[in-house]
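A.B. asks: can you look at this prediction? I've put the sequence above it.
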Amino acid sequence: MKAIWNGTVIAESDDTVVVEGNHYFPKESLCDEYFTPARKHTVCPWKGLASYYTVTAGGRENRNAAWYYPRPLPGATQVADRVAFWHGVTVEE
């Protein structure tokens, strides 16, 4: 699977986990130069506190386009050390 933003592959892995329709990529599959920690945080009742990244590629910034759970709750261990995408980031085979 590939995560693509603005014509640039920002993550690629054969080991994604699908939760609630979102592909969670292993953190080590991210191309680090495209990711900057964001200030945004949200709470999922069963996964816990989510943190976000801003993605910058091809001269464009996509704020809060990736999220992850630094310390997922016990029922969500499958998303530990993984990142998912939205806000126009496409995920394809």
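C.D. replies: Nice, thanks for sending it over. Residues are numbered from 1 along each chain as shown.

A.B. asks: which residues of the chain fall in strands?
C.D. replies: Taking DSSP state E as the criterion, the chain carries its strands at 2-5, 8-12, 17-19, 22-26, 35-44, 48-57, 60-68, 82-85, 90-92.

A.B. asks: how about the CA coordinates for the fifth one, as PDB?
C.D. replies: Coordinates of the C-alpha atoms in strand 35-44 are reproduced here as PDB (Å, rounded to 0.1, in the frame of the first residue of the first chain):
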ATOM      1  CA  PHE A  35       6.200  14.800   8.400                       C
ATOM      2  CA  THR A  36       6.100  17.500  11.100                       C
ATOM      3  CA  PRO A  37       4.500  17.000  14.500                       C
ATOM      4  CA  ALA A  38       1.300  19.100  14.700                       C
ATOM      5  CA  ARG A  39      -0.300  20.500  17.800                       C
ATOM      6  CA  LYS A  40      -3.700  18.900  17.200                       C
ATOM      7  CA  HIS A  41      -5.000  16.100  19.500                       C
ATOM      8  CA  THR A  42      -8.300  14.300  19.600                       C
ATOM      9  CA  VAL A  43      -9.700  11.500  21.700                       C
ATOM     10  CA  CYS A  44     -11.200   8.300  20.500                       C
END
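
A.B. asks: rewinding a little: I'd like the strands of the chain written out as JSON lines, with mean pLDDT added.
C.D. replies: Formatted as JSON lines, these follow (pLDDT from 0 to 100):
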{"stretch": "strand 2-5", "mean pLDDT": "98"}
{"stretch": "strand 8-12", "mean pLDDT": "98"}
{"stretch": "strand 17-19", "mean pLDDT": "98"}
{"stretch": "strand 22-26", "mean pLDDT": "98"}
{"stretch": "strand 35-44", "mean pLDDT": "98"}
{"stretch": "strand 48-57", "mean pLDDT": "98"}
{"stretch": "strand 60-68", "mean pLDDT": "98"}
{"stretch": "strand 82-85", "mean pLDDT": "98"}
{"stretch": "strand 90-92", "mean pLDDT": "98"}
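
A.B. asks: can you say which of these is packed in most?
C.D. replies: Among the strands of the chain, strand 82-85 has the highest mean neighbour count (mean count of other CB atoms under 10 Å), at a mean of 24. In this view, the C-beta of every residue, glycine as well, is placed from N, C-alpha and C.
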